[in-house]
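A.B. asks: I would like the atomic coordinates for the input below:
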Amino acid sequence: MNENVKTAEPQATADAWLAQAVAHQRAGRWPEAEAAYNEALRRQPDLLPARLGLAAALAALGRPAEAADAWRDALAIAPDHVEARLRLGEAQLAAGDAAGAERSWRELLAGSPEYVPANLALARVLARSGDSAGALACFRRVLARRPEHCEAHRACADVHLGRGEYSEAILHYRLALETERDQPEMLERLRAAERRLADGGGKPDRN
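C.D. replies: Numbering: from 1, shown residues only. All right, here's what the predicted structure looks like:
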């Protein structure tokens with residue numbers, strides 16, 4: 001243990017254990033952080049910062065199912081906590097529960113429809129599941145808030161390319177490359193879309 005971190009005494013308050021846990025977390029000592037967060041919660045189960053910290057520690061330790069439970073515990077205290085619901089979805093996805101992650105992000109977006117991280121997370125899941133229309137809707141919400149978002153443009157382009165909508169794919173690849181020019185793979189996809197369009201391929205663009 002780092003000698004600069006003062007160990008809380010067994011009889012210490014929840015706040016003292018919380019302070020120690022935060023110090024461990026900031027230093028990347030996740031096992032120690034987990035133990036200290038648990039000590040804080042043993043003394044004060046409704047201490048929200050400790051619930052959030054414990055969930056983050058479990059996620060960092062590669063235990064996503066336990067992290068998901070911890071995020072749920074935090075949400076039981078603060079149901080409208082945006083980041084906790086976002087992280088719950090991430091933990092569910094990491095634990096193999098893509099359907100649960102989708103539900104969590106949809107619940108979050110029901111109250112905060114323009115929230116960029118949740119739109120990106122949901123769009124990625126929908127794109128992998130084959131729901132291209134749903135993925136495009138999420139990516140477009142991102143671009144409405146952040147028109148320069150390279151990932152959203154690239155993802156939109158990939159979806160349009162897969163649907164044979166080459167004009168839209170070309171538009172989004174070009175916009176993405178304006179933001180990040182050193183992207184050889186993306187440039188090759190742009191060239192492929194341009195060739196297919198020049199050959200008369202593709203179909204009318206659709207929403």
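
A.B. asks: Next, work out how far apart the residue positioned nearest the centre of the chain and Tyr37 are.
C.D. replies: The residue lying closest to the centre of the chain (CA atoms, centre = their mean) is Ala121, at 4.9 Å. Ala121 sits 25 Å away from Tyr37, going by CB to CB, to the nearest Å. All C-beta atoms are positioned from the backbone trio N, CA, C, and that covers glycine.

A.B. asks: Same check on Arg163?
C.D. replies: Counting by CB to CB, the separation of Arg163 from Tyr37 is 46 Å.

A.B. asks: list the buried ones in stretch 168-184?
C.D. replies: Along stretch 168-184, the positions that meet the burial threshold by neighbour count (16 or more other CB atoms under 10 Å) are Glu168, Ala169, Ile170, Leu171, His172, Tyr173, Arg174, Leu175, Ala176, Leu177, Gln183.

A.B. asks: Present those residues as a markdown table; the columns should include secondary structure.
C.D. replies: Putting the buried residues of stretch 168-184 into a markdown table (DSSP: H, G, I helix; E, B strand; the rest coil) gives the following:
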| residue | secondary structure |
| --- | --- |
| Glu168 | helix |
| Ala169 | helix |
| Ile170 | helix |
| Leu171 | helix |
| His172 | helix |
| Tyr173 | helix |
| Arg174 | helix |
| Leu175 | helix |
| Ala176 | helix |
| Leu177 | helix |
| Gln183 | coil |
